[in-house]
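Peer 1: quick one, structure for this:
(one chain, ligands or ions: 1)
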Amino acid sequence: SRAWHLVSRPVGWPQPDNFALVEAPLPEPAEGQVLVRNEYLSVDPYMRGRMSAAKSYAAPYELDKPMQGGAVGEVVVSRAEGIAVGDRVLHSGGWREYTAVDARQAVKVDPEAAPLSAYLGVLGMPGLTAYVGLLRVASLKEGDVVFVSGAAGAVGSLVGQLAKLKGASRVVGSAGSDEKVDLLRSEYGFDAAFNYKKGPVKEQLRAAAPDGIDVYFDNVGGEHLEAAIGSLNLGGRIAICGMISTYNDTEPSPGPRNLVRLIQTRGRIEGFLVGDHYHLQPQFVEEVGPWVRSGELKYRETVVEGIENTLEAFLGVLRGDNTGKMVVKL
Ligand code: NDP
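Peer 2: Below you'll find the predicted structure:
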């Protein structure tokens, strides 16, 4: 069975020779473990951080070992109570075809309730990220004007739609292509959207939200964050979810130059990590699941086929090839 290894640590943009797809014997599940034939692998922006040696909230990937990440698949051997052959499970031993997983680290999922890939996206970690960031961290209130960057991605597309469903008065999104911008307006119900590659974010945001914004959900950092601070209204809240525009930087980028505006607005900026909020997963699925099933909340996925294309899929996320959650189908 094949697994992706990190063989050297990328500096700047990851290069193909930082990685190797390695053939190894089928893993043997120990007592208390199950062997999973992975059907979908997740590729996510945070994985770029794990490729670096610097300490962060997730441990760096070890060199010359199988990489990790979200995955869902079918149990083909079970040496654990409570999980049977044929069950589908969500676990964190991705980037490979077969994984031996501790049963305690595997979450059974229902393939009848939702497509398997949805457990990696709209109903999984990115979905919970949108929910927690918007409602808990940014404390969305009815009537708020909301701005979200990375708005056509897995997290961002949910943030915008959730904001509308929860009573935001105006939702503005930014994305990196005209097709994505059209989708935000036509399919996801954003009131305004712009292509950040077509002009300064500051000016485009001003035009899209002439009365300012109350909430900014930041997936991008950099120029977007500074522009959002510049448009922040009194009592505004900024949830720092991610800063994908900086993940391949080799030097730290300068911070926003207009932080003084937080004094004028009594504004608040707060970072968060979805991992601290998994206790809200059941509440999230209970509340958001019905909207997904009814189609009130729409989602897309970009599906790349084949274990050998996992690296390209990951690089595609950093480039913006994806609309909605990027997954690899094995
Ligand atoms: P997405 O599905 O949004 O994919 C990433 C997108 O980022 C790309 O599609 C691309 O879209 C955009 N992008 C890439 N480079 C840039 C750039 N320089 N400037 C602006 N946009 C860029 O990924 P996710 O939804 O999985 O993640 C979104 C963000 O949330 C990331 O920053 C991620 O790290 C963060 N995150 C944080 C979590 C937490 O716990 N705090 C948990 C999960 C995710 P485009 O075509 O629009 O450029």
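Peer 1: ok, P126 to L318 distance?
Peer 2: 16 Å (C-beta to C-beta, to the nearest Å). In this view, the C-beta of every residue, glycine as well, is placed from N, C-alpha and C.
Peer 1: more neighbours: those two, which one.
Peer 2: Using other C-beta atoms under 10 Å, the more surrounded residue of P126 and L318 is P126, with 27 against 17.
Peer 1: name the nearest residue to that one, ignoring sequence neighbours.
Peer 2: Using C-beta to C-beta, 6 or more residues apart in numbering and skipping the chain neighbours, the partner closest in space to P126 is A154 (3.9 Å).
Peer 1: L123 is in contact with that neighbour, correct?
Peer 2: No - look at A154 against L123 with C-beta atoms under 8 Å: they stay out of range, at 11.3 Å.
Peer 1: more neighbours, the two?
Peer 2: A154 (31 against 23).
Peer 1: what residues does the stretch 1-150 of the chain put near the ligand?
Peer 2: Neighbours of the ligand within the stretch 1-150 of the chain, by C-beta under 6 Å from any ligand atom: D44, P45, Y46, P126, T129, G150.
Peer 1: next SSE downstream of the strand or helix carrying the fourth one?
Peer 2: Yep, that's P126 we're talking about. Assigned by DSSP states H and E, P126 falls within helix 125-131. Counting by DSSP H and E, the element after helix 125-131 in chain order, helix or strand, is strand 145-148.
Peer 1: contacts for the helix or strand just after that following strand, please.
Peer 2: Per DSSP H and E, the first helix or strand lying C-terminal to strand 145-148 is helix 154-165. Contacts with helix 154-165, where a contact means C-beta atoms under 8 Å, 6 or more residues apart in numbering, come from 121-122, 126-127, 129-131, 133-135, 140, 144, 146, 148-151, 171, 173, 175, 184, 188-190, 215, 217, 219, 241-242, 288, 291, 296-300, 322, 324-326.
Peer 1: just the buried ones among these, please.
Peer 2: 121-122, 126-127, 129-131, 133-135, 140, 144, 146, 148-151, 171, 173, 175, 184, 188-190, 215, 217, 219, 241-242, 288, 291, 297-300, 322, 324-326 (16 or more other C-beta atoms under 10 Å).
Peer 1: what sits against the residue nearest to the spatial centre of the chain?
Peer 2: Nearest to the geometric centre of the chain sits P126, at 4.3 Å (C-alpha atoms, centre = their mean). By C-beta under 8 Å, 6+ apart, the contact set of P126 is D44, L120, A154, V155, L158, K325.
Peer 1: can you tell me the SS state at the first one?
Peer 2: Remark: D44 carries the secondary structure label coil [criterion: DSSP: H, G, I helix; E, B strand; the rest coil].
Peer 1: how far is whichever strand or helix holds G289 from where the chain is centred?
Peer 2: Secondary structure from DSSP H and E places G289 in helix 281-294. Relative to its chain's centre, helix 281-294 lies at 17 Å (C-alpha atoms, centre = their mean, to the nearest Å).
Peer 1: now stretch 149-164
Peer 2: 10 Å.
Peer 1: not counting residues beside it along the chain, what's closest to A130?
Peer 2: L158 (3.7 Å).
Peer 1: state the number of residues packed around that neighbour.
Peer 2: Neighbourhood size, L158 [other C-beta under 10 Å]: 32.
Peer 1: measure it to C241 for me?
Peer 2: L158 is 11 Å from C241, by C-beta to C-beta.
Peer 1: likewise for A30?
Peer 2: From A30 to C241 the distance is 37 Å (C-beta to C-beta).
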